[in-house]
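Participant: got a structure for you, letters missing:
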Ligand code: PAF
């Protein structure tokens, strides 16, 4: 497994890979790898010859400095895991390598339609940071495939839109959310939960599943009632709700009528931790 820090060296390596006509799969991460990442990387190996995992804690997508500072850094442990599962290249640039003129002066990429709603409204500038770093990684690495988890559903949709609208010849492959046995979605943020909160957190997905069942069974007229019941149940457990509703899978517009492809999106706080989750519903 090669560890590469410099864009120039990675670029030279990519040229050699392309000469050998091998396909490249990119799995972008911010490190602190968990089972969700591992499953994504294992999936990538089914698609591409050479797997590149990037590890870069991207300051441009953090709208809160303390979140950035507290983001867990587990580089050595991550590399051991990546080596074990047969990753070919780890790209781990430092901030100066990616943003040599500083973040404020950085040319950026934005998907305006989907970036300023939902998570984007609660975390201004977040998706602009995500799309800028992802576009940079796509330009540097020129992968044939790039892999993203469905837990960050809005991010996935934004990246698919970026690829389509900027004409990248990259196939985006997504993987359904990987969960602990108790239903809690794997996330680096789970590390911030207290022991007590870890017992409560799985209740989020349990509630989402109940909402999904009710929406499937019942008439859409009762949607408001179903959503409010779920919200109340979550509040009783100690969650503070930012987002919990039924949306269209493509546009992310709130639905008041049943449609073919719906999704429940949830963003909640449990203590100091923001948890996000979702469930698709097909009608
Ligand atoms: O999902 C993430 O971990 C990040 O948003 C990503 C895609 C690696 C960009 O920094």
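Facilitator: Sure thing, it's come through. The model shown is predicted, which means the values in this text are computed figures rather than measured ones. Numbers count the residues shown, from 1 in each chain.

Participant: how about residue 260: what's its closest non-neighbour residue?
Facilitator: Closest residue to residue 260 apart from its sequence neighbours, by CB to CB, 6 or more residues apart in numbering: residue 283 at 5.4 Å. C-betas here are computed from N, CA, C, even on glycine.

Participant: what about the closest residue to residue 49 other than its chain neighbours, neighbour count?
Facilitator: Leaving aside its sequence neighbours, residue 49 sits nearest to residue 22 (CB to CB, 6+ apart; 3.9 Å). Neighbourhood size, residue 22 [other CB atoms under 10 Å]: 13.

Participant: so which residues of the stretch 1-150 of the chain form helices?
Facilitator: Along the stretch 1-150 of the chain, counting by DSSP state H, counting those that start in this stretch, helices occupy 7-19, 35-47, 65-70, 75-84, 95-98, 112-115, 119-122, 126-141.

Participant: helices or strands up against the fourth one?
Facilitator: Using 3 or more CB pairs under 8 Å, 6 or more residues apart in numbering; DSSP states H and E as the contact criterion, the secondary-structure elements in contact with helix 75-84 are strand 50-55, strand 89-91.

Participant: nearest to the ligand, of those strands?
Facilitator: strand 50-55 (7.1 Å; CB to the nearest ligand atom).

Participant: direction included, what does the closest one pair up with?
Facilitator: Sheet pairing for strand 50-55, assigned by DSSP bridges, gives strand 24-29 (parallel), strand 89-91 (parallel).

Participant: show residues contacting the first one.
Facilitator: Strand 24-29 has contacts (CB atoms under 8 Å, 6 or more residues apart in numbering) with 14, 17, 37, 40-41, 44-45, 47-56, 133-134, 137-138, 141-148.

Participant: what sits up against the helix or strand bottoming out on mean pLDDT in the chain?
Facilitator: Using mean pLDDT, DSSP states H and E, helix 65-70 stands out as the lowest-scoring helix or strand of the chain, at a mean of 89. With CB under 8 Å, 6+ apart as the test, helix 65-70 has contacts from 57, 59, 62, 192.

Participant: one more pass at 6 Å, please.
Facilitator: Residues outside helix 65-70 that contact it (CB atoms under 6 Å, 6 or more residues apart in numbering): 59, 62.

Participant: wait, does it contact the ligand?
Facilitator: No. Using CB under 6 Å from any ligand atom, helix 65-70 stays clear of the ligand, coming no nearer than 11.8 Å.
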